[in-house]
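Asker: below is the sequence, then the predicted model.
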Amino acid sequence: MNKLVTLEQLNKIIGRARSEGKKFAWTNGCFDIIHAGHVDYLERSKAYGDFLVVGLNSDASVKKLKGELRPIFSELDRAKVLCSIVYLDYVVIFSDKSPINMIELLQPDYYIKGGDYTIDTIDQDERKVVEDYGGEIVLLPMVAGVSSSIIVEKIKKLSVI
């Protein structure tokens with residue numbers, strides 16, 4: 001899991017990359033049950049920068065967002081799976097509900113969100129930070145019918161039968 005880095009390590013990596021004229025793409029999420037939709041989304045996200053960083057919600061952060069029964073998998077298990085994806089360069093775990101502090105510090109060139117969001121439904125504080133430093137917001141279409149929440153609901157229905 002050499003792709004899993006601390007914020008301090010990532011900040012140094014980005015500093016070196018920027019001195020070489022490189023740009024990076026950032027996305028974030030829970031990635032609770034990683035599926036084909038995630039893989040497709042991450043592959044398309046990588047195309048925007050010289051490297052791709054994923055901000056991963058910690059277990060506590062996922063609980064705040066998704067409720068007490070989530071996450072299904074621990075943050076280290078989710079990070080391990082993410083780190084195995086070849087076109088993903090770095091993973092950093094954050095504990096807040098939003099990675100806004102990381103975004104403000106790191107200033108990704110491309111801030112990427114899935115197509116389940118619109119410019120008006122993404123976190124507006126994050127949006128403001130990205131727009132203020134001149135980053136580009138990219139909204140990528142989702143793979144229809146595939147999400148962790150849909151998978152969890154299917155499992156619940158199957159367990160009732």
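Answerer: Sure thing, it's come through. Numbering: from 1, shown residues only.

Asker: how far away is the most centrally placed residue in the chain from residue 21?
Answerer: The geometric centre of the chain, computed from its C-alpha atoms, lies nearest to residue 28 (C-alpha atoms, centre = their mean), at 1.8 Å. Distance of residue 28 to residue 21, given as C-beta to C-beta, to the nearest Å: 25 Å. For glycine as for every other residue, the C-beta is placed from the backbone atoms N, C-alpha and C.

Asker: just residue 65 next, same as before
Answerer: 36 Å.

Asker: and residue 75, by the same measure?
Answerer: Distance from residue 75 to residue 21, counting by C-beta to C-beta: 33 Å.

Asker: so which of the two has more stuff around it?
Answerer: Higher neighbour count among residue 75 and residue 21: residue 75, with 23 against 7, using other C-beta atoms under 10 Å.

Asker: can you list contacts of the helix-or-strand element of the chain with minimal mean pLDDT?
Answerer: Lowest by mean pLDDT, DSSP states H and E among the helices and strands of the chain is helix 148-160, with a mean of 78. Applying C-beta atoms under 8 Å, 6 or more residues apart in numbering, the contact partners of helix 148-160 are 30, 31, 32, 33, 35, 70, 72.
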